[in-house]
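> make a model of this:
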Amino acid sequence: MTDNTLSEALKEAYASAPSDVILLHTLELRHPSFVDDNGNPTAIRVVRDNVNHICTLEDTAPLNPGQTVEFTAMAFDLTLPPVEAIPVPEITLSIDNVSTEIIKYLDKAVETQDMIEMTYRPYLTSDLTTPQMNPPITLVITEVTADISKISATARMMDIGNKSFPAENYTVKKYPGLSR
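Got it, this is the predicted structure:
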């Protein structure tokens with residue numbers, strides 16, 4: 001988390017632990033196959049709480065930037081990456097009592113080669129107008145297991161060291177001259 005800047009309000013909440021300010025952990029899962037009933041891109045947004053929350057996304061959010069969106073209350077556990085520098089930071093995540101709607105989206109995602117992106121945003125109950133980390137942590141889900149009671153996943157930052165350069169796929173569709 002060394003590249004992410006915590007807000008002063010979050011630092012104060014960590015240091016003083018006021019009883020009237022609660023840290024809300026939120027997750028947003030995005031995939032090209034996640035579309036709403038109208039065919040528009042959508043995301044799975046959950047908050048670790050027992051009530052839903054309406055929060056404002058940062059202006060640089062990949063989906064609905066600067067807009068207020070609803071995070072659905074759901075029980076989940078996550079382990080944030082350590083502060084020290086490790087080659088590829090990871091988050092482990094488990095979501096309990098997953099709804100059939102989330103399973104429907106995940107089933108669609110499995111059918112494609114695209115990765116599911118996950119963004120972690122902390123909010124404070126005293127300020128839902130902006131995430132308390134700038135920029136929020138965005139990772140790619142690399143492993144998923146599911147059973148009837150929960151989904152477990154591992155998410156990592158993109159491994160830039162193993163990314164091809166140039167990041168261009170030379171296909172016959174894009175470059176017809178490759179075929180004979």
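
> using the three-state scheme, assign V51.
State at V51, reduced to three classes by DSSP: H, G, I helix; E, B strand; the rest coil: coil.

> please name the residues that touch it.
A73 (Cβ atoms under 8 Å, 6 or more residues apart in numbering). Where C-beta positions appear, they are placed from N, C-alpha and C, glycine not excepted.

> would you mind naming the helix or strand containing the residue nearest to Y123 when sequence neighbours are not counted?
Nearest non-adjacent residue to Y123, counting by Cβ to Cβ, 6 or more residues apart in numbering: L24, 4.4 Å away. For L24, the host element (DSSP states H and E) is strand 23-35.

> helix, strand or coil for I103?
Per three-state DSSP, I103 ends up helix.

> repeat that for P122.
Going by three-state DSSP: P122 is strand.

> count the neighbours of it for me.
If you count neighbours by other Cβ atoms under 10 Å, P122 ends up with 19.

> quick one on the thing from earlier: pLDDT wise, what is the residue nearest to Y123 at?
For L24, the pLDDT comes out at 93.

> is it correct that K11 falls within a helix?
Yes. Under three-state DSSP, K11 falls within a helix.
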